[in-house]
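Q: My questions concern the predicted model and sequence given below.
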Amino acid sequence: MKTWFIAVLLLPLAAFAQSAAAPSSAQLQSLLENGQVTQAVNTLENTLGDNPFDPVQLNNLAVARSRDGDVYAALELLDRAARLAPDQAVILDNRTKLREWIAARIGANKQQLDTVAVDRLPSQLPDPPPLWGE
């Protein structure tokens, strides 16, 4: 449930958000739900330019990046967010889910390589998992 994730995440971590230009949870929800992932990524990256140590925006950017298919950049962002806010359960949960998903994909791909001809492999990985609770 995408709307729950962003709204709940921004409320408990509001003390960390320093930038007045930070997008609201409603703006992010709207962008992501309307498929405007690139605009959400750009907005969040611009916000991080004002405060690159904001774990909320790092986490939200990770969600947008994973939606855009860049799961490794998303994982790096979640690692940074977790170092900045090690007690934030939502960030840690997102990080764990994405790590497990990547590990499963790597394992599945290795197994496919062992049994299937390389030219028959899909050109890209399936969609990443949602990084918010159901």
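A: Here it is on my side, so go on.
Q: From Arg65, how far out is Phe53?
A: According to C-beta to C-beta, to the nearest Å, Phe53 and Arg65 sit 18 Å apart. Where C-beta positions appear, they are placed from N, C-alpha and C, glycine not excepted.
Q: ditto for Leu92
A: Distance from Leu92 to Arg65, counting by C-beta to C-beta: 18 Å.
Q: Please apply the same query to Gln36.
A: 14 Å.
Q: Specify which residue of those two has the higher count of neighbours.
A: Using other C-beta atoms under 10 Å, the more surrounded residue of Gln36 and Arg65 is Arg65, with 25 against 14.
Q: Was I right to think that one contacts Leu77?
A: Yes - with contact defined as C-beta atoms under 8 Å, Arg65 counts as touching Leu77 (6.4 Å).
Q: where along the chain do the helices fall?
A: Secondary structure of the chain by DSSP state H: the helices cover 2-10, 25-33, 37-50, 55-67, 71-84, 89-115.
Q: among the ones you listed, which is the most enclosed?
A: Each of the helices of the chain was assessed for mean neighbour count using mean count of other C-beta atoms under 10 Å. The highest is helix 55-67, with a mean of 27.
Q: average pLDDT for that one?
A: Averaged over helix 55-67, pLDDT sits at 91.
Q: In terms of secondary structure, what does that helix contact?
A: In terms of contacts (3 or more C-beta pairs under 8 Å, 6 or more residues apart in numbering; DSSP states H and E), helix 55-67 is packed against helix 2-10, helix 25-33, helix 37-50, helix 71-84, helix 89-115.
Q: weakest of those in terms of mean pLDDT?
A: Across the helices and strands packed on helix 55-67, helix 2-10 has the smallest mean pLDDT, namely a mean of 39.
Q: Arg80 reaches Asn59, doesn't it?
A: No - using C-beta under 8 Å, Arg80 is not in contact with Asn59, being 9.3 Å away.
Q: what sits in contact with each of those two?
A: Contact criterion C-beta atoms under 8 Å, 6 or more residues apart in numbering; no residue bridges Arg80 and Asn59 by contacting each.
Q: Who are the contact partners of the residue nearest to Thr38 when sequence neighbours are not counted?
A: Once flanking residues are discounted, Thr38 sits nearest to Asp68: 6.8 Å by C-beta to C-beta, 6 or more residues apart in numbering. When contacts are counted by C-beta under 8 Å, 6+ apart, Asp68 is found next to Val37, Thr38, Val41.
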